[in-house]
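Chemist: take a look and give me a structure for this.
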Amino acid sequence: MSVPANAPILTSAAMREAEAACAVQGTSLSELMDHAGAAVADTAWRMAAGAPILILCGPGNNGGDGYVAARLLAARGATVRVTALAEPATKLASAARARWDGPVETLDGRTRNAPLIVDALFGVGLSRPIADDLAATLRSFADRRILAVDVPSGVDGDGAAEWMPPLPADVTLALGALKPAHVLLPTASTCGRVLLAPINIVANDAMRTLPRSHTAKPDATAHKFTRGMVLVFAGPMRGAAGLTAAAAQRAGAGYVVLEGSVRAPFSAIIAESDERFGERLDDPRVGAVVIGSGFPAGDELLFDVEAALDSGKPLVLDAAAIVAALPRLSETPRKAILTPHEGEFARAFPQLYGSKIDRAKAAAMRTQAVIIYKGADTIIAAPDGRVAAAWPGSPWLATAGTGDVLAGACGAMLARGGDTFDAAVAAVGWHIAQAARIGPGLVADDLVRE
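Modeler: You can find the predicted model right below:
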């Protein structure tokens, strides 16, 4: 599974707006379909490697892309057949069908197979699950190589509905931009390898995939405090905060204080009793405070969260500290990153609906904080509408303590100053890159070892 790094993501509505903008700027929708069909033909040509190709065309513009691809493949000398679910229902698809001079078979249970199946039935235009009889027909192709055009048929392109396609793809060719379904579970896992075909659409960059991770090197004038001082407050589960503090240092913080613990994971980390918490909060050198790791809900946590909020310092709030801080988070603009997993998000934001992207954006607006909505399909959302999708992450991160490590990395990135959303994106990228480096057998402690 893979998606391109730093690629634009557009919802179905945003894609229609982008297409309309192209038409205003002089690129007709017919030209866009020609570009899309050419990209499908190129990908199918490479995947087929000379074997016969069967293209399944639907009645909409996704089917029109399929007709264009069929014509171009035939012109190259490919053995290509076209089967249609119905007659074209749009002007663009009808025009594309008219330019295909080969036969068009009827798609049903008797349709002959081919080594490569191009699924150009519905794309992102589907508004309901596929009917049972068509689903059964599509499942009959499941043992062949499948190339899906935009999304596998049966998928809600916006990722809000959890319909599963009867014919998962080996390769999905996203046209113009990725769609939310490519980066959100459960649909992302049915798309196979996702490729992005530029078709001359200008997509805004408010929503993108995660950029490639890189470690920013300190400049020649750097010292420990310019690299960021992080204050981690330990709860009763001292090991969790120890992981957080160690991660802050490994992720690049120049100075880390672990408050409320007598034992530090590294000799370079300052471990102090919690009596100095207020004094440390007054230290102007502290660039970020991380609280919540290993800290159950209760009056003690609430008191410490209130103190952290009163300090005005940039905050990373994890686990139970998220709910504890909610009543005050949007009162005063501040730099803050919240790192809920699915259960914590549901407790903090029970009345939010839509896709995971929709819910993360709504939570960011409500709290005026950056949200890292954790999971295999992690979503990072900012109050100004920016979104980064971190699919695919690393399955090896599904183990205890890795969330504490992410909180520490967020603290390190946030303590340097700069944009809060960029800090969260950098922390998630660092987290996934560390896991990819370690691989099988990973435990959270491995993420912060040399």
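Chemist: check which residues of stretch 69-88 are buried.
Modeler: Across stretch 69-88, burial judged by 16 or more other Cβ atoms under 10 Å covers 69-74, 78, 80-85, 88. Heads up, the C-betas are built off the backbone N, CA and C, glycines and all.
Chemist: name the nearest of those relative to residue 358.
Modeler: Using Cβ to Cβ, residue 85 comes nearest to residue 358 of the buried residues of stretch 69-88, at 30.2 Å.
Chemist: thought that closest one was touching residue 55?
Modeler: No - Residue 85 lies out of contact with residue 55 (Cβ atoms under 8 Å); the separation is 11.7 Å.
Chemist: in strands only, show me the buried residues of stretch 69-88.
Modeler: The strands, defined by DSSP state E, take in 80-84 from the buried residues of stretch 69-88.
Chemist: and the residue nearest to residue 360 when sequence neighbours are not counted, how many residues sit next to it?
Modeler: Excluding its sequence neighbours, the residue lying closest to residue 360 (Cβ to Cβ, 6 or more residues apart in numbering) is residue 381, at 3.8 Å. Using other Cβ atoms under 10 Å, residue 381 is surrounded by 29 other residues.
Chemist: residue 381 touches residue 358, doesn't it?
Modeler: No - applying Cβ under 8 Å as the test, residue 381 and residue 358 come out as separate, 9.5 Å apart.
Chemist: skip the chain neighbours and tell me the closest residue to the most centrally placed residue in the chain.
Modeler: Taking Cα atoms, centre = their mean, the centroid of the chain lies closest to residue 389, which sits 2.0 Å from it. Closest residue to residue 389 apart from its sequence neighbours, by Cβ to Cβ, 6+ apart: residue 183 at 3.8 Å.
Chemist: show the contacting residues for the one you found.
Modeler: Residues in contact with residue 183 (Cβ atoms under 8 Å, 6 or more residues apart in numbering) are 3, 9, 159, 209, 377, 389-391.
Chemist: what would these look like in TSV with pLDDT?
Modeler: As requested, the contacts of residue 183 are arranged in TSV below (pLDDT from 0 to 100):
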residue	pLDDT
3	84
9	96
159	90
209	95
377	96
389	97
390	96
391	92
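Chemist: what is the burial count for residue 334?
Modeler: As a burial measure, residue 334 scores 17 neighbours (other Cβ under 10 Å).
Chemist: SS state for the closest residue to residue 218 other than its chain neighbours?
Modeler: Once flanking residues are discounted, residue 218 sits nearest to residue 227: 5.8 Å by Cβ to Cβ, 6+ apart. What DSSP: H, G, I helix; E, B strand; the rest coil gives for residue 227 is coil.
Chemist: likewise for the one 5 residues further on?
Modeler: Under the three-state scheme (three-state DSSP), the conformation of residue 232 reads as strand.
Chemist: so it sits against residue 256, correct?
Modeler: Yes - if you go by Cβ under 8 Å, residue 232 and residue 256 touch, sitting 6.7 Å apart.
Chemist: circling back to that earlier point, relative to residue 63, which of the ones in strands among the buried residues of stretch 69-88 is nearest.
Modeler: Closest to residue 63, out of all of these and judged by Cβ to Cβ, is residue 84, at 6.9 Å.
Chemist: can you pull up the bridge partners for the nearest residue to that closest one once chain neighbours are set aside?
Modeler: Using Cβ to Cβ, 6+ apart and skipping residues adjacent in sequence, the residue nearest residue 84 is residue 57, 4.6 Å away. Using DSSP bridges, the beta-bridge partners of residue 57 come out as residue 84, residue 120.
Chemist: tell me the spacing between the residue nearest to residue 360 and residue 357.
Modeler: Per Cβ to Cβ, to the nearest Å, residue 381 is found 7 Å from residue 357.
Chemist: quick check: domain ranges of the protein?
Modeler: 12-204, 229-448 (automatic domain parsing).
Chemist: OK, contacts around residue 104?
Modeler: Residue 104 sits next to 57, 82-84, 97 when contact means Cβ under 8 Å, 6+ apart.
Chemist: give me the contacts around stretch 74-92.
Modeler: 29-30, 33, 41, 44-45, 48, 50-61, 63-64, 66-67, 70, 73, 94, 96-97, 100, 102-107, 111-112, 114, 121, 134.
Chemist: before we move on, what about stretch 23-30?
Modeler: When contacts are defined by Cβ under 8 Å, 6+ apart, stretch 23-30 is touched by residues 19, 22, 92, 95, 200.
Chemist: how many other residues sit next to the last one?
Modeler: It stands for residue 200. Residue 200: 13 surrounding residues under other Cβ under 10 Å.
Chemist: surely it meets residue 36?
Modeler: No - between residue 200 and residue 36 there is no contact under Cβ under 8 Å: 9.8 Å.
Chemist: re the thing from before, who's more crowded, residue 232 and residue 256?
Modeler: Neighbour count, other Cβ under 10 Å: between residue 232 and residue 256, residue 232 has more, with 34 against 30.
Chemist: show me what that one bridges to in the sheet.
Modeler: residue 258, residue 290.
Chemist: what sits against it?
Modeler: By Cβ under 8 Å, 6+ apart, the neighbours of residue 232 are 241, 244-245, 248, 256-259, 289-291, 293, 408, 411.
Chemist: tell me which of those is nearest to residue 148?
Modeler: After measuring the contacts of residue 232 against residue 148 - Cβ to Cβ - the closest member comes out as residue 408, at 39.1 Å.
Chemist: measure that closest one to residue 45 for me?
Modeler: Taking Cβ to Cβ, one finds residue 408 at 48 Å from residue 45.
Chemist: ok, those two, which is more surrounded?
Modeler: Each of residue 408 and residue 45 had its neighbours counted (other Cβ under 10 Å), and the higher figure belongs to residue 408 (34 against 19).
Chemist: skipping adjacent residues, who's closest to the more buried one in space?
Modeler: Using Cβ to Cβ, 6+ apart, the nearest residue to residue 408 is residue 247, at 2.9 Å.
Chemist: the one you found against residue 402, yeah?
Modeler: No - if you go by Cβ under 8 Å, residue 247 and residue 402 don't touch, sitting 9.5 Å apart.
Chemist: which neighbours do those two share?
Modeler: Common contacts of residue 247 and residue 402 (Cβ under 8 Å, 6+ apart): residue 447.
Chemist: these two: which has the busier surroundings?
Modeler: Here residue 247 and residue 402 are compared on neighbour count by other Cβ under 10 Å; more neighbours surround residue 247, at 34 against 23.
Chemist: now for the more buried one: which residues touch it?
Modeler: Applying Cβ under 8 Å, 6+ apart, the residues near residue 247 are 404-409, 411-412, 447-448.
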